[in-house]
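1. one predicted model, sequence on top.
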Amino acid sequence: MDRRGFLKRSWKTSLGLGATSLGLIPEVRLFAQAVDDFLRGPPVKDIAPKQISKRVWLIYSPDSFPTPENRGMMANITFVVTQKGVLILDSGASVQIGEMAIRMIKTVTDKPVIGVFNSHYHGDHWLGNHAFAAAYPNLPIYALAENIKQIKGAEGNLWRGLMERWTNQATAGTKIVAPNTEVKNGQVLDFGDTRLKMHFYGTAHTPCDLSVEVVEDQVTHIGDIAMENRIANIDDGSYPGTFKYYDAIQKTAGNQTWLPGHGNPSKGLIADYRELMAGIWEPCLQAVKDGKDLSAAKSLVLKDPRVASRAQRTAGFDANIGKYTSLAFLEAEKEAF
């Protein structure tokens, strides 16, 4: 039972009344609505969408991490306007953010939302499913099989709780709405004048990173496998796996505008982010081969020009570079031996 249900049930019990009799009392109905309002976080301010290509629009997040002030608005929401309706590529970090996105979509088109795609199981990219599922019943929500499994499992509750904690309950009221439709690498979905092609090439940012190519526009949504001016969470991922993913998707999709979950899209995004990742990975791998310890590896990483040149413009750099160097070192030990 969630907190809302617990509070309502406790209050009913204290009055000695059942649900049926309570529903007949106007004052009780008003109180129940007040309970809902109290336990639900505030709305998120509107962010006007900007057009990326003929069909693709971006609701851009100016912030890279969740805070009480931004109410969890830390990841981009992308939508694609097709002949058959609107498709969402990552739905945001809360029901409130999803509701904001719906308001903004309606400023662009009166077409209904006909599908949502979730790139991976980190909550800033899918907790907004709640809003879209509520507004559009029986909505298909697409994801890789492993992503569906993770969101239905421990990751779902973990991320809902984390977002509430990081935002001081601003995302409260968000329900876990898991993806319900599996997609696979190479699959192409046809939406009239627009085709979406699915890409997946193994563990990168996570073990289940779905990239979605808008074929006619040569725009590919890549979730968190690469970012602009932000250091990525690599806890669930792999450095060499990320490089393999880059090689495979660039070979398969060709020349694209790469649209990330954090930051602005560009044709050079993957190449730029690869340099930062390589600047962390390669010194760690060399340190392991030379028999040096983690401390020496960290020193080499910080001195690497590919890392040093990006330190000032990379959000979360100081807080995360030590941790992600340690993860690179541990993975390098496995690779080297």
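-> Looks like it came in fine.
2. which ones are touching residue 105?
-> Neighbour list for residue 105: 49, 57, 79, 86, 113 [criterion: C-beta atoms under 8 Å, 6 or more residues apart in numbering]. Glycine gets a C-beta too; all of them are placed from N, C-alpha and C.
3. and the two most separated of those residues?
-> Greatest spatial distance in the contacts of residue 105: 49 and 113, 13.6 Å, computed using C-beta to C-beta.
4. not counting sequence-adjacent ones, nearest residue to the most centrally placed residue in the chain?
-> Nearest residue to the geometric centre of the chain (C-alpha atoms, centre = their mean): residue 125, 2.3 Å. Setting aside the residues directly before and after it, residue 125 is nearest to residue 90 in space (C-beta to C-beta, 6 or more residues apart in numbering), at 4.4 Å.
5. surely the one you found and residue 118 touch.
-> Yes: taking contacts as C-beta atoms under 8 Å, residue 90 lies within contact range of residue 118: 6.5 Å.
6. overlap in contacts of these two?
-> What both residue 90 and residue 118 touch, as defined by C-beta under 8 Å, 6+ apart, is the set 125-126.
7. sorry, back to before: show me the common contact partners of residue 49 and residue 113, please.
-> With C-beta under 8 Å, 6+ apart, residue 49 and residue 113 have common neighbours 79, 105.
8. domain parsing for this structure?
-> 3-39, 50-267, 277-336 (automatic domain parsing).
9. from the chain's centre, how far out does the second one sit?
-> On the basis of C-alpha atoms, centre = their mean, to the nearest Å, domain 50-267 sits 5 Å off its chain's mean C-alpha point.
10. restrict stretch 149-164 to CA atoms and write it as CSV.
-> This file holds the C-alpha atoms of stretch 149-164, laid out as CSV (Å, rounded to 0.1, in the frame of the first residue of the first chain):
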residue,chain,number,x,y,z
LYS,A,149,12.1,-6.3,-16.2
GLN,A,150,14.2,-3.8,-14.3
ILE,A,151,11.4,-1.2,-14.0
LYS,A,152,8.9,-3.9,-12.8
GLY,A,153,11.5,-5.1,-10.3
ALA,A,154,13.6,-3.3,-7.7
GLU,A,155,14.7,-0.4,-10.0
GLY,A,156,11.2,1.0,-10.3
ASN,A,157,10.6,1.5,-6.6
LEU,A,158,14.3,2.5,-6.1
TRP,A,159,14.1,5.3,-8.6
ARG,A,160,10.7,6.6,-7.5
GLY,A,161,12.0,6.9,-3.9
LEU,A,162,15.3,8.5,-5.1
MET,A,163,13.5,11.2,-7.1
GLU,A,164,11.2,12.1,-4.1
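11. tell me the buried residues in it?
-> 149-151, 155-156, 159-160, 162-164 (16 or more other C-beta atoms under 10 Å).
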